[in-house]
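> Could you look at this predicted model? Sequence included:
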Amino acid sequence: MVDFTSRLGRRINRRLTSEKIIWLTTVDSSHTPQPRPVWFHWDGQTILIFSERDKAKLRHIAQNPRVALSFNTDEDGNNVGVVIGEAKILGEQPPTARVKAYLRKYREGVKDIGMTVPEFTASFAIPILVSLQAIRGS
């Protein structure tokens, strides 16, 4: 269980609540880390990410569910925040309230990429749920 009462824990929790982008790092079949920026929703316990079908991250997670999620640092390389967790590709959609919260967070982002919400949910239809196991940072 991750301790969000420590100084680092409180900072990571604030960032999980406020940030729009997090870097999801999976590991490919040759054990090479593969980071990519993703949109996410934090509900205080798990991180929800949606993926397009047939993406490498889905294959990586199926082979090795251990992932790292990292925030951008400040311009001097400070404010490091990393979450270590286990990802699971869900076989069904998360609860409707959770999906709505995710879509509210990215309403403008969906428009910015030239999609409607129905187009987005049809394209990014594969839910990934990450359970947190540890945090680190400075």
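The structure has been received and is ready for your questions.

> Enumerate every residue touching residue 53.
Contact analysis of residue 53 by CB atoms under 8 Å, 6 or more residues apart in numbering lists 125-126. (Glycine included, C-beta is placed from N, CA and C.)

> looking at this, it is in a strand?
No: read with DSSP: H, G, I helix; E, B strand; the rest coil, residue 53 is coil and lies in no strand.

> Can I get stretch 10-18 in CSV? Just the C-alpha atoms.
Once non-C-alpha atoms are left out, stretch 10-18 reads as follows in CSV (Å, rounded to 0.1, in the frame of the first residue of the first chain):
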residue,chain,number,x,y,z
ARG,A,10,1.1,14.2,-0.6
ARG,A,11,3.0,15.7,-3.5
ILE,A,12,2.5,12.7,-5.7
ASN,A,13,-1.2,12.6,-4.8
ARG,A,14,-1.6,16.3,-5.7
ARG,A,15,0.1,15.7,-9.0
LEU,A,16,-2.1,12.6,-9.7
THR,A,17,-5.1,14.9,-9.1
SER,A,18,-4.0,17.9,-11.1
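
> what's in contact with it?
Residues contacting stretch 10-18 (CB under 8 Å, 6+ apart): 4, 22, 42, 44, 47, 71, 79, 81, 83, 135, 137.

> Can you show me the strands along this structure?
22-27, 33-38, 41-42, 46-51, 66-70, 81-89, 126-137 (DSSP state E).

> What are the buried residues along the longest one?
Same thing as strand 126-137. Buried residues in strand 126-137, defined by neighbour count with 16 or more other CB atoms under 10 Å: 126-130, 132, 135, 137.

> Partner strands of it, with direction?
According to DSSP bridges, strand 126-137 forms sheet pairs with strand 46-51 (antiparallel), strand 81-89 (antiparallel).

> Out of those, the one nearest residue 30 is which?
Residue 30 lies closest, by CB to CB, to one member of those: strand 81-89, at 18.8 Å.
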